[in-house]
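Colleague: A structural model of the following input is requested.
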Amino acid sequence: MLEIGTYLCLAMERISVFDIFKIGVGPSSSHTMGPWRAAQRFVNDLSKNGQIDRLASIQVDLYGSLAKTGKGHGTDLAVTLGLNGDDPETIPESAVLTTFERICRQGQIVLLGKYPLPFRPESDIFFHYHESLPYHANGLSFRAFLRDGTGLSRTYYSVGGGFVVEEGEQEGAASVEVPFPTDKGSDLLRWCRQTGKSISDIVRENELTWRSESAIREGLLRIWEVMRRCMHKGCHTAGVLPGGLGVVRRAAPLNERLLQGQTIAEDAERWVERIRSGRWNFRDILHWVSCFALAVNEENAAFGRVVTAPTNGAAGVIPAVLLYGVCFCPEFRSEDDVVRFLLTAGELGSLFKKGATISAAMGGCQAEIGVSSAMAAGALTERLGGSPDQVLMAAEIAMEHHLGMTCDPIGGLVQVPCIERNTMGAVKAITAAQIALQSDPTKAKVSLDAVIKTMKETARDMSHKYKETADGGLAITVGLAEC
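Modeller: Sure, this is the predicted structure:
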């Protein structure tokens, strides 16, 4: 297997914030959204090659971490819906489970909405629990059999955060030229010092390579709207999460207690205004931050619509910290503060992807909650008036205190300990920002680049049992049966 970090840096990539923040459905960016996109790519290739109307059958092979935790993460559901032509960004949330159940019941998918094909997930998807592919722990292959007796196959890798690479395809190629190429934190600081611009200004200039100023703003505000609606829905939905663990949702009752029994279930905007206008003490604010993070990841666990930030398993940290800023920090005065927060956060996430990994199957939970906390810490620091040096300091502090965090989901579900870890990551991000804002970054002993390098080395040394396999930690100490 390629060394962790090496496979991400074969050539330095140019990553847009819209690559880091993707709208989709839960519960996992690596195990749900990535395989879903891979299935879509496979069907589209069959169509381009003129083979789709000659298909007799399709089979899918899941390897490594995708096999071991695929059932809990809905990987079988994801590849089925991807083959069926559904899109994770647009499929109605209510249709995710019902469409999969209908396909299982009827034994048929409809490729591109036009080509019916027999397909039974229980017999056409194979889980290779004891076999991994060499390139990445999240490997899957699609095998197509044509009516003339010939066939073909394609292999893909879900490398974290919903990113997908086909076998033989070089990930990380610098496909575009940006005005401020940035591969390390030191690059980012150099550009800020040379131009006098903030980090969010530098990132915005690079984003103009891909899209217009108005498209950047509209796109990021749409991402924020999805995040906010997800928090609102999670804060107004009670019950038990699917999957068999029997995890009871906590965001809704906490929201109701904080609002003193008043629920505002119909309008996300009014709900945010109600929180902002309240008179809250420090303990209440901590409760709200936890409530926001719980809400997102409870929705994620229930196949709800979320935004990778940078992954689904860590999707609650950045929305929680951003809403904390909107509701409780007077420095957040306009939509521009939201846009700049997301620009800075997205750039910090890309640094971790280039220098280490954002895949828990390769790096453990430090690659998910740790990275999201670092992203949120840095973004919050800038919006609260921090310098570029303080921004990177905050991101370093947040990651430093997540180093070595394992990924050990009970039952292969993104529930325990994943949901609560988002609350911890959010609070650590806020704390890291406060420390950085009160510090002289020239006195810092550890740089962001050093902590990214350390994270990569820690991931390399970590046992495979703690990399999203459900083979170690809480996954076996507690186990599904005991829950």
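Colleague: which segments of this structure make up each domain?
Modeller: Domain ranges of the chain: 29-166, 185-482, per automatic domain parsing.
Colleague: and among these, the most buried is which?
Modeller: domain 185-482 (a mean of 22; mean count of other C-beta atoms under 10 Å). Backbone N, C-alpha and C define where each C-beta goes, glycine included.
Colleague: how about P35, what does it touch?
Modeller: Contacts for P35 (C-beta atoms under 8 Å, 6 or more residues apart in numbering) come out as 62, 66, 75, 78-79, 82, 140, 156, 158.
Colleague: any chance of those in a markdown table, plus distance to A433, pLDDT and secondary structure?
Modeller: Compiled in a markdown table, the contacts of P35 are given as follows (distance: C-beta to C-beta, whole Å; pLDDT from 0 to 100; DSSP: H, G, I helix; E, B strand; the rest coil):
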| residue | distance to A433 | pLDDT | secondary structure |
| --- | --- | --- | --- |
| L62 | 39 | 98 | strand |
| L66 | 35 | 94 | helix |
| T75 | 35 | 96 | helix |
| A78 | 35 | 97 | helix |
| V79 | 39 | 98 | helix |
| G82 | 38 | 97 | helix |
| L140 | 38 | 97 | strand |
| Y156 | 37 | 97 | strand |
| S158 | 31 | 95 | strand |
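Colleague: nearest to W288, of those residues?
Modeller: A78 (32.4 Å; C-beta to C-beta).
Colleague: thought F352 was touching T454?
Modeller: No - when contacts are counted by C-beta atoms under 8 Å, F352 is not listed as touching T454 (11.8 Å).
Colleague: so which of the domains of the chain gets nearest S16?
Modeller: domain 185-482 (5.4 Å).
Colleague: give the rounded mean pLDDT of that closest one.
Modeller: Average pLDDT, domain 185-482: 96.
Colleague: distance of T75 relative to G412?
Modeller: 10 Å (C-beta to C-beta, to the nearest Å).
Colleague: find residues that contact each of the two.
Modeller: Residues touching both T75 and G412 (C-beta under 8 Å, 6+ apart): T69.
Colleague: list phi and psi for D61.
Modeller: phi -120, psi 130 (degrees, to the nearest 10).
Colleague: hmm, I was thinking of I125
Modeller: Dihedral angles (degrees, to the nearest 10) for I125: phi -110, psi 120.
Colleague: do the same with G113
Modeller: Dihedral angles (degrees, to the nearest 10) for G113: phi 70, psi 10.
Colleague: then V307?
Modeller: phi -120, psi 130.
Colleague: in the sheet, who's paired with it?
Modeller: I23 (DSSP bridges).
Colleague: quick check: it touching M227?
Modeller: Yes - look at V307 against M227 with C-beta under 8 Å: they come within range, at 5.4 Å.
Colleague: joint contacts of those two?
Modeller: P319.
Colleague: for T357, see how far away the residue lying closest to G355 once chain neighbours are set aside is.
Modeller: Leaving aside its chain neighbours, G355 sits nearest to I452 (4.1 Å; criterion: C-beta to C-beta, 6 or more residues apart in numbering). According to C-beta to C-beta, I452 stands 10 Å off from T357.
Colleague: just R276 next, same as before
Modeller: Taking C-beta to C-beta, one finds R276 at 37 Å from T357.
Colleague: which residues does the residue nearest the centre of the chain contact?
Modeller: Central residue of the chain (C-alpha atoms, centre = their mean): T311, 1.2 Å from the mean position. Taking C-beta under 8 Å, 6+ apart as the contact definition, T311 lies against 28-30, 160-162, 358-360, 367-368, 371-372.
Colleague: touching stretch 179-197 from outside, list them.
Modeller: Contacting residues not belonging to stretch 179-197 are listed as 12, 14, 174, 198-199, 201-202, 205-206, 209, 347, 350-351, 354-355, 388-389, 392, 395, 447-449, 452 [C-beta under 8 Å, 6+ apart].
Colleague: restricted to strands, list those.
Modeller: Among the contacts of stretch 179-197, no member falls in strands (criterion: DSSP state E).
Colleague: using the centroid of the protein, identify the residue furthest from it.
Modeller: Distance to centre of the chain, C-alpha atoms, centre = their mean, peaks at D148 (41.1 Å).
Colleague: what distance do you get for that residue to V60?
Modeller: Distance from D148 to V60, by C-beta to C-beta: 21 Å.
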